[in-house]
Every structure is written in C-alpha cells, then in structure tokens.
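Enquirer: Fold the following and give me the result.
(chains A and B)
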Amino acid sequence: MNVLEFIRSFFSDGSHWHGYDGIPQRVWEHVQYSASALAIATAIGLPVGLVTGHTGRGGNALAFVSSAARALPTFGLLVLMFVWLGIGITPVMIPLVVLAIPPVLITTYEAVRNVDPSPVDAARGMGMPEGKILLQVEVPAALPLILSGLRSAAIQIVSTATIAAYVSLGGVGRYIVDGLYQRNYEKVVGGATLTAVLALLVLVLFWAVARVAVSPGVRRRRTA
Amino acid sequence: MNGFFDIPSDLQHSYPGLISWHMQEALIPVLVGLLLALPIGLLCVRFNWVYAPVLWVTTVLYAIPSLAFFVVLIDYTGLSRLTVMIPLSLYSLVILVPSVVDGVRSVPEETNAAAAAMGIGLVRRYFQVQLPIAVPAITAGLRVATASSISLVSVGALIGNQGALGNLLTTAMLYHRPVLAVNSVVTTAVLAVVVDALLVLLRRVLTPWQPPSARRAGRGRATTAGAARTPESVS
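Expert: Residues are numbered from 1 along each chain as shown, chains lettered A, B, ... in the order given. Just a heads-up that it's a prediction; the model follows:
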C-alpha cells in the first residue's frame, strides 16, 4: 500500500467525519490554535516592527531578540511549558508565539525600512505628521513584504501546531500522534495530509489577501 | 538543578554524546541543503523563468509539517537518523535557494560585465565572482536554516527516539523529571546561539573587504534589500 492508498482510505472512512475525533472538529481546533497564536504574535511583532522600521532605530536589538527566539527549540519549549504549567492551551501558545515572532518582527522592520525614501520625504515635506506617514505612505508600500512575513509565520504555526497533540490537546496532530502510538499508518498519513492542506490553504488565503489589500500601483511596480 | 546532567541510561548516550549526535543530525542536512541550493540557484539565475516555479515547489515543501514528514518517511527509511535528516535537508534547501538567488542577483551589473570581459565563463563566474559577493546573503539564510534545523531535530524524539537532545524531553515526560526538559531546552538553545555566532564569524572571515564599521552602515537598502527579503519572506 502506498501513501496515496492510505490517504484515500482515510478520507473515505465515514467514521472519520463526525464526532469529537472527526475531521471537522479536529480541523476547527487546529484553526483555532493557529489563528490565536498568529493573532498574539502579530499583536506583539507588528507594532514593534512598524515603529522600529519607521524610526530606523533598534535594528540590532531586534536582530538579537529574533535570533534568541529562533534559538529556542519549539518542541522543547512545548514540553517544558507542559511539565511546568500542566494541561491547557497556554503551554501550546507560548512556543507557537515564540516561533512566529521572528518572521513577523524582522520582515516588518525590513519592509518599512526599505520603503523608497522619496515619497516618504515628499509626505514629510508636505507637512504630514509622522503617524500618518507611517500608516498612509510607508505601510501601503511595504504591505507585500509585511504580508509575506505574516504568511511565513502562519505556515510555520499551522505545521507546528500538530505537536499540540503530544501534550494532550486536539488539532489534526491528534491523528498523527495517535496513529503513531496505535501503529495505524492510515491515520498518520491522513493527519499529515490534512496539515499540508491547511498550510496550502494559508498560502492561498494570503495570496488572496494580497490581491485585495495591496494597492494596484505597488503591485504593478513589484511585478515590473 | 540537582541531577541536571544525569541522563537516564535508557537513552544510551552520555550528555556529550547527545550533543554530538544532535549536531550531526542538525548540521549535515544544512550542508546537504546548501550543496543542493548552489546548483539550483545557478539555474534560477541563468534561466529567470525557472525561479517562480522553484519558489512554488519549495514553499509547498516547507508547508509539510516536520512530524508528518518524518512519519511518512518511516515507511521508506525506517526508524533511523536518515528519516529525520531528509526532511531537514529539504527545509534547509527551501530557506537557502532564495538567499542564494537574491544574493547573486544583488551582484552589481558592472562586476558581472567586468567578469564577462575578462573571459570568465558562466559557471566559473558564478562560483568565483558572484557567490563570494553573495556571501552575506547566503550566511543570513544559513543562520535561519541552522537555527530551525537545530530546533527541529528534537521533534525526531517522537518517532522512536531519533531526536538526540529531544529524547530528553520525552524522557522528562516519562519519568516526570522537568529538570531533563530544562536541560534539553537550554542545551539546544546554547548550541543554536554558538552555531549562529560561528556563522557570523565565518561571514567576517569570508568577506574581508567589508570593514566592520561599513557593515553596520551598509545595512541600508542596496546591500540588504535582497538579503533581508530572503530568509523569512519566501519560506
């Protein structure tokens, strides 16, 4: 039996489609974990990245923070938090947020910093206040890059949220971890497929958001 | 921190043994990823239209979670180190290809023209002119790749104790000894920081023409526009 056969039999099994261990329930849990982790990481990383990118200061501190965050092993942090804090959502959120902050923070900083200075100077010359310059000139121009940082964070979160199942939470990682212990290969492959599909959906989602949110002028210049 | 370095005997490794195992499992894949990324980068630079599809394929590869990747590979490579190292090589490749391509693309046109005028061929120009100039961008990618590789090895603990220092985590759960988990996290983080520092050092050695002061000032648009975009944005 090859992997495709496993995928087919996993998804065609009717019992996988309802109940507390059904695919809709597990996918919904996975989406919830991922969305909250991304929201927290964005709430922390985006403002800091925007302000530091605008002022151009603190680049070294940001680089230090993000390499420190990258050095922390995600899985290790998960187990450690679980042993310390016990069963719950917090031990899962902490490693996921730590994982997602470096891409959001660094990409936002670099994106705002690398905006063409001439429109920024023009806006300043016309008497635009600094806050408006940031939000109305720099952010629209930097948006494609900012979104790509968020996208990469989201993909890493979605694929890493599978390990939440190891510390007794839900999500599609449940199938992978359970299948591994039950030696049920079909379940494992099914869980893996679901995660990959979710990650691809994230790609599509961000592509769609970029189509809608990025101003046509900025988009044209980037493709040219 | 009583018993911090007391490793349960069922791990069949001493503390230094776990460290060297972890480093092998993390760094060999990065090396393999780099060796694969260089020719792929050459293709992408030479034939511009190759780059977009390559980016798509690597982005999709990166979307496959490591745990799922390990588990699917068990069928082919068994419960071995190879099962952990193959996905890690691919992840490194995904991170490194954009850094190589963007780094090479940021080489000034005059430099390329000068190399062409001196009669240096395409492949030689790539390896002897463009890649050395792209070293800062490539090391930026290498830093991200090694950090993620060192972190991901631990997940291998879930597939039959193939996670080196990560095995301490599963044992910490098994025997309920949090100190082992602390040991694992701290050691892994220290390893990542040390390797990161070594890579920064390597870049300084390989780019002696960049004086330390100019490097900091050079963090402006021209030099890092490509490099800055690479590590995070595409993966």
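Enquirer: alpha carbons only for contacts and neighbour counts from here, please
Expert: OK.
Enquirer: For the spatially most central residue of chain A, which non-adjacent residue is spatially closest?
Expert: For chain A, the residue nearest the mean C-alpha position is A:Ala154 (1.6 Å; CA atoms, centre = their mean). Nearest residue to A:Ala154 in three dimensions, chain neighbours excluded: A:Leu38, at 6.3 Å (CA to CA, 6 or more residues apart in numbering or on different chains).
Enquirer: Show the pLDDT at the one you found.
Expert: pLDDT for A:Leu38: 96.
Enquirer: Where does pLDDT dip in chain A?
Expert: A:1, A:220-224 (pLDDT under 70).
Enquirer: so where's chain B uncertain?
Expert: Using pLDDT under 70, the flagged stretches of chain B are B:1-3, B:211-235.
Enquirer: Tell me which residue lies farthest from the centre of it.
Expert: Outermost residue of chain B (CA atoms, centre = their mean): B:Ala117, 35.1 Å.
Enquirer: got the contact list for that residue?
Expert: If a contact means CA atoms under 8 Å, 6 or more residues apart in numbering or on different chains, then B:Ala117 has no contacts.
Enquirer: and the gap between it and chain A?
Expert: Distance of B:Ala117 to chain A, given as CA to the nearest CA, to the nearest Å: 28 Å.
Enquirer: Got phi/psi on that residue?
Expert: The phi/psi pair for B:Ala117 (degrees, to the nearest 10) reads phi -70, psi -30.
Enquirer: Output the longest helix belonging to chain B.
Expert: When chain B is parsed with DSSP state H, its longest helix is helix B:15-46.
Enquirer: helices or strands up against that helix?
Expert: With contacts defined as 3 or more CA pairs under 8 Å, 6 or more residues apart in numbering or on different chains; DSSP states H and E, helix B:15-46 has these neighbours: helix B:48-63, helix B:81-105, helix B:135-153.
Enquirer: which one of the ones you listed lies closest to A:Leu80?
Expert: Closest to A:Leu80 of those is helix B:135-153 (CA to CA; 13.9 Å).
Enquirer: what's the angle between that closest one and helix B:81-105?
Expert: If you take axes from the mean of the first three to the mean of the last three CA atoms, to 10 degrees, helix B:135-153 sits at 160 degrees to helix B:81-105.
Enquirer: mind saving the C-alpha coords of helix B:135-153 as CSV?
Expert: Output of helix B:135-153 as CSV, limited to C-alpha atoms (Å, rounded to 0.1, in the frame of the first residue of the first chain):
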residue,chain,number,x,y,z
VAL,B,135,28.2,35.5,1.0
PRO,B,136,26.4,37.9,3.3
ALA,B,137,23.0,37.0,1.9
ILE,B,138,23.9,33.3,1.9
THR,B,139,25.1,33.4,5.5
ALA,B,140,21.9,35.2,6.5
GLY,B,141,20.0,32.2,5.0
LEU,B,142,22.3,29.7,6.7
ARG,B,143,21.7,31.3,10.1
VAL,B,144,17.9,30.8,9.7
ALA,B,145,18.4,27.3,8.3
THR,B,146,20.7,26.1,11.1
ALA,B,147,18.6,27.6,13.9
SER,B,148,15.4,25.9,12.6
SER,B,149,17.3,22.7,11.9
ILE,B,150,18.8,22.5,15.4
SER,B,151,15.3,23.2,16.8
LEU,B,152,13.5,20.6,14.6
VAL,B,153,15.8,17.7,15.4
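Enquirer: chain center to that helix: distance?
Expert: Distance of helix B:135-153 from the chain centroid (CA atoms, centre = their mean, to the nearest Å) equals 3 Å.
Enquirer: Which stretches in chain A count as helices?
Expert: Taking DSSP H as the criterion, chain A carries its helices at A:3-12, A:23-55, A:59-71, A:74-85, A:90-113, A:117-125, A:130-132, A:139-160, A:173-182, A:185-213, A:216-223.
Enquirer: deepest of those helices, which one?
Expert: Highest mean neighbour count among the helices of chain A (mean count of other CA atoms under 10 Å in any protein chain shown): helix A:90-113, with a mean of 26.
Enquirer: name the helices or strands packed onto it?
Expert: With contacts defined as 3+ CA pairs under 8 Å, 6+ apart, helix A:90-113 has these neighbours: helix A:23-55, helix A:59-71, helix A:74-85, helix A:139-160, helix B:221-233.
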